[in-house]
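**Q** here are the coordinates; sequence isn't available:
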């Protein structure tokens, strides 16, 4: 090889590499003018074109009264622009009263592009900016962030002629101070095939047993670009709903072409988010609350958008076979052609679930509360969510014991307020794979009453009266023995809802 030609080739190759790295196309006319829609770091060395329009709550009298008040039932217009094409590049707000769940879940953001009557964005304000359950917490991602009191959105939101952004206050409280800044990059025109930005909120409380939760179902051409999900066990604890897989059907297909391996897997994490909350560029979990059984997570499909030509249905299971009854809400972020189908109506109830509202039997000693001190001879022992079954379980949960043979023992410790005789009432579960049990107290002989666990369907037993028992003040041991099973039962499992002392 000619040394001079070799060095020239190296220089050319280096120039190409640098150009690619900073976003310049060699020999491409597009390198001389910024293409609307591109906004990477490397693009900043070329002229963007267009101009900037700024909309803000700035005091028109040039004093310091920059906030706007939005009373209950009032709708306030933040931006109403007509005249040319543009792209909303930045949308920032802050609100007082600060971090108020009533307002953050009931102040509704709506965006209308090019004179449409049905909004392309309709979403509670905190959810729109990436945070569920009506909360405000610091997190950072590429398109959305909450930082030091500010709500930030950098999704590109294009339009050809006009754009309108509004906030409706559905709460019973006034928004005392709404501050906002919106920056629009204007152009003479945008490409005809430019897709419109959409953000659609949905909620199911409770989720439907045996049926996937649907985040989005729409027709048109576009691409799915992001998910925010707020998921809460309606029974106050447990993350069993995370066993559900995402299922995405494209362009009318009968079988979803995208099927996942678990909810936390879809959100680019694992093991029920066991290391806690975090925020990354394209995915994160911002709330993980074991006491309330709550998860809020986001996933942005910025590098892996899901294209569709005619339609998309994005659904996700709640539990392995849609068997965990939960409160699910979501925002689907996507771009698509217009006209778009109208959104489902917003739910009348937007406020998050209060876990203290779960029905409990007064005076019940909840069996799941005895898990920490329980002792067993064999079989796994855990808490099971019973909300997906027809029946009345106190707290919608039970202590679930999985022995596989007769003769197994489980010992639970309950506390009596004073030394005397009590009428011992037990509440259990019956199912097709449950065994027969008998009880003894503090090492005594088995009580005469037994409980048959078999039923062709999962059902709550209701009260089972074991008669009078002598208990000591303080801790007492209840021994539960599996002594056999109905001939129709397929196993020896045991479900315990709780006990009452009368």
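**A** Alright, I've got the coordinates. On a predicted model such as this, the values are computed, not experimentally measured, just so you know.
**Q** for the protein, what helix or strand is lowest in average pLDDT?
**A** helix 3-22 (a mean of 38; mean pLDDT, DSSP states H and E).
**Q** C-terminal to the helix or strand hosting residue 426, what's the next element?
**A** Assessed by DSSP states H and E, residue 426 sits inside strand 420-430. The helix or strand immediately downstream of strand 420-430 is strand 436-441, counting by DSSP H and E.
**Q** Report the distance from that next one to the chain centre.
**A** Offset of strand 436-441 from its chain centre (C-alpha atoms, centre = their mean, to the nearest Å): 42 Å.
**Q** quick one: strands adjacent to it?
**A** The strands that strand 436-441 pairs with in its sheet are strand 450-451 (antiparallel), strand 474-484 (antiparallel) (by DSSP bridges).
**Q** Could you tell me the angle between the longest one and strand 420-430?
**A** When axes from the mean of the first three to the mean of the last three C-alpha atoms, to 10 degrees is applied, the directions of strand 474-484 and strand 420-430 differ by 40 degrees.
**Q** Just the residues contacting strand 474-484, thanks.
**A** 401, 403, 405-416, 435-443, 446, 450, 492, 494, 496, 499 (C-beta atoms under 8 Å, 6 or more residues apart in numbering). All C-beta spots, glycine's among them, are computed from the backbone N, C-alpha and C.
**Q** So what sits opposite residue 68 in the bridge?
**A** residue 178.
**Q** Run the chain-centre distance for the helix or strand harbouring residue 249.
**A** In the assignment (DSSP H and E), residue 249 maps to strand 246-250. Counting by C-alpha atoms, centre = their mean, strand 246-250 is centred 17 Å from the centre of its parent chain.
**Q** if you average pLDDT over the next helix or strand after that strand, what comes out?
**A** Moving toward the C-terminus from strand 246-250, the next helix or strand (DSSP H and E) is strand 258-259. On average, the pLDDT along strand 258-259 is 96.
**Q** quick revisit: now that we have the contacts of strand 474-484, which of them are buried?
**A** 401, 403, 408, 410-412, 414, 416, 435-441, 492, 494, 496, 499 (16 or more other C-beta atoms under 10 Å).
**Q** What distance do you get for residue 46 to residue 40?
**A** According to C-beta to C-beta, to the nearest Å, residue 46 and residue 40 sit 11 Å apart.
**Q** In terms of neighbours, single out the busier of the two.
**A** residue 46 (17 against 8; other C-beta atoms under 10 Å).
**Q** Now do the more buried one, the pLDDT please.
**A** Looking at residue 46, the pLDDT reads 85.
**Q** repeat for residue 1
**A** 42.
**Q** pLDDT weak spots in this protein?
**A** Within the chain, the ranges that satisfy pLDDT under 70 run 1-39, 235-237, 355-359, 387-388, 390-391.
**Q** rerun that using 50 as the cut-off
**A** The model of the chain has pLDDT under 50 over residues 1-34.
**Q** Show me the domain layout of it.
**A** 3-45, 49-193, 195-343, 365-501 (automatic domain parsing).
**Q** First-to-last residue distance for the second one?
**A** What that stands for is domain 49-193. 19 Å (C-alpha to C-alpha, to the nearest Å).
**Q** do the same with the longest one
**A** Start and end residues of domain 195-343 are separated by 17 Å (C-alpha to C-alpha).
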